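A.B. asks: build me a model from this:
(chains A and B)
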Amino acid sequence: MTSAQGYNFAYLDEQTKRMIRRAILKAVAIPGYQVPFGSREMPLPYGWGTGGIQVTAAVIGPADTLKVIDQGADDTTNAVSIRRFFARTAGVATTERTADATVIQTRHRIPETPLAEGQILVYQVPIPEPLRWLEPRETETRKMHALADYGAMHVKLYEDIARFGRIATTYDYPVLVNGRYLMRPSPIPKFDNPKMHMNPALQLFGAGREKRIYAVPPYTDVKSLDFEDHPFEVQKWDEACAICGSTDSFLDEVVTDDKGGRMYVCSDTDHCTSRQIRREAAE
Amino acid sequence: MNPLLKVTGLTRMYGARVGCKDVSFELWPGEVMGIVGESGSGKTTLLSCLSARLEPTSGTVAYDTREDGLTDIYAMGEPRRRMLMRTDWGIVHQNPRDGLRMGVSAGANVGERLMAVGARHYGSIRAQADEWLRKVEIDGERIDDLPLTFSGGMLQRLQIARNLVTHPRLVFMDEPTGGLDVSVQARLLDLLRRLVTDLGLAAIVVTHDLAVARLLAHRLMVMRRGEVVESGLTDQVLDDPHHPYTQLLVSSVLQP
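C.D. replies: Numbering: from 1, shown residues only, chains lettered A, B, ... in the order given. Below is the predicted model of the structure:
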């Protein structure tokens, strides 16, 4: 596809991209630390991925291949719109295959296919501050980060166990990055948390409304918080994916009729499709 | 032996107005000091300065830390001061809502300090919370209830449990019985007196209620317009007041 006329490459002007890259460099240098940046007005509403889009615009080049997912799917409105946005403003190649992509912008999921060195995963973050619901004052949360004063986060987990008998937080599960900074991994299911640990790809997080960028560099230690007697666990399903039969991927529950019928399918559409293709090839 | 707290020439100004002026005293381990005076006399300002929450304009507050002996609390770094505040010190606010997290259960409130200093075993945190709730006479069954459902007296006791769980050596109390009715006050005072004796706590208690001061404090400081006008043993100050203001204060107490 040819790029749209009248726009700079990847929509943002070069000075803005430079500013965002500086913030990204700082974020990579201090894993998990939230770097403030001058977030721009983007041609889509806050909450639809303005942070992720700006980060992607700053790191993408003409030779890159872009994949965009929303809840694991390549074909949802948000994913389709953002993919087309970059296809038009930057003229880059797009793909739905995880292995072929060099830049992957994501909302709510990490792809099931393991990422490789050289790939960049860009997360869209609604609220970057992990301590926000515990401490409403920004000055105080910054101080808590500066002093690594993270006891309050465990109060929340304690409260979960006291009420539900287990840690009931299932998404946006707080992690400690590189043994230092507490970080919100954006609303990915805790199923995906272990994938962040020692991941060979570069992980960038952009929060447009809150004007923060943070990062997890390749091969960085990422630990999910827990208690010694209530260790961190991920979700499990009794069913396999109804389409591809996968037993080890994150499953969505889909209601199929009004008589209680439901099916479980992979949330990662690329994973599901490639498994089907492989199965058909084997038959 | 060192004093636990050594205060010299402590002054806090609010612009041209005086918060508290030229206060000096020493507090020894296990000693309970009362600060009395009318509203606006600088009691709470003094307490905030002493408990590292309000930087004084001049003067020093030195605390006998476990590692380095007497150290100026405003000269040490913020991390160290915070650590001190949550291990060695306790702060009981006049309004328990200021000192508690109202949105989380009683057990989590008591356990917070333990988690802040690194406890990561749910079972043992809960066991200690349970033990402390019982020590302050709160039914163990209420460990998972929100403080919102507690009465005023229970909130105050919960706040005390939350402060004492890390075995502090020094507790600051601002009007601990304020806003409670008389019978609840009496029970709370009983409890405080027992805890202070059992644990060998040192405490600084700010109050405008001379009866509270008489029951709890070994020594008394009387403040007026930011200055300490009289100090000495509690019984001595209350039974034989020297300063005219103290005489006025003692004589204004209603006798039922």
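
A.B. asks: C-alpha from now on. contacts and neighbour counts both.
C.D. replies: Will do.

A.B. asks: spit out the contact partners of residue 101.
C.D. replies: The chain I'm using is chain A. Counting by C-alpha atoms under 8 Å, 6 or more residues apart in numbering or on different chains, A:A101 touches A:D64, A:T65, A:L66, A:K67, A:T94, A:T95, A:Q119.

A.B. asks: oops, I was thinking of chain B
C.D. replies: B:N109, B:P147.

A.B. asks: tell me how far it lies from B:L50.
C.D. replies: With distances taken as C-alpha to C-alpha, to the nearest Å, B:R101 is found 23 Å from B:L50.

A.B. asks: can you pull out the strands in chain B?
C.D. replies: B:5-14, B:17-27, B:32-36, B:58-65, B:69-72, B:89-92, B:170-174, B:202-206, B:219-224, B:227-233 (DSSP state E).

A.B. asks: contacts for the fourth one, please.
C.D. replies: Yep, that's strand B:58-65 we're talking about. By C-alpha under 8 Å, 6+ apart, strand B:58-65 touches B:2-12, B:22, B:50, B:69-74.

A.B. asks: buried among these? Make that a PyMOL selection.
C.D. replies: Entered in PyMOL, the line below selects the buried ones among the contacts of strand B:58-65, by 16 or more other C-alpha atoms under 10 Å in any protein chain shown:
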select buried, chain B and resi 4+5+6+7+8+10+11+12+50+70+71+72+73+74
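
A.B. asks: three-state assignment of the closest residue to A:I30 other than its chain neighbours?
C.D. replies: Spatial nearest neighbour of A:I30, excluding adjacent residues (C-alpha to C-alpha, 6 or more residues apart in numbering or on different chains): A:A215 at 7.9 Å. When classified by DSSP: H, G, I helix; E, B strand; the rest coil, A:A215 comes out as strand.

A.B. asks: still on that earlier bit, got the contacts of A:A101 as CSV, with distance to chain B and pLDDT columns?
C.D. replies: Output for the contacts of A:A101, formatted as CSV (distance: C-alpha to the nearest C-alpha, whole Å; pLDDT from 0 to 100):
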residue, distance to chain B, pLDDT
A:D64, 44, 96
A:T65, 44, 97
A:L66, 42, 97
A:K67, 40, 96
A:T94, 46, 96
A:T95, 44, 95
A:Q119, 36, 97
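
A.B. asks: how about A:D252, phi and psi?
C.D. replies: phi -100, psi 140 (degrees, to the nearest 10).

A.B. asks: A:V35 too?
C.D. replies: phi -100, psi 130.

A.B. asks: angles on the backbone of the residue lying closest to A:T220 once chain neighbours are set aside, please.
C.D. replies: Distances taken as C-alpha to C-alpha, 6+ apart put A:M198 closest to A:T220, at 4.8 Å, once the chain neighbours are dropped. A:M198 has phi and psi values of phi 60, psi 30 when expressed as degrees, to the nearest 10.

A.B. asks: A:M198 touches A:K223, doesn't it?
C.D. replies: No: using C-alpha atoms under 8 Å, A:M198 makes no contact with A:K223, being 10.0 Å away.

A.B. asks: these two: which is more packed in?
C.D. replies: Under the neighbour definition other C-alpha atoms under 10 Å in any protein chain shown, A:M198 and A:K223 were set side by side, and A:K223 has more, 20 against 16.
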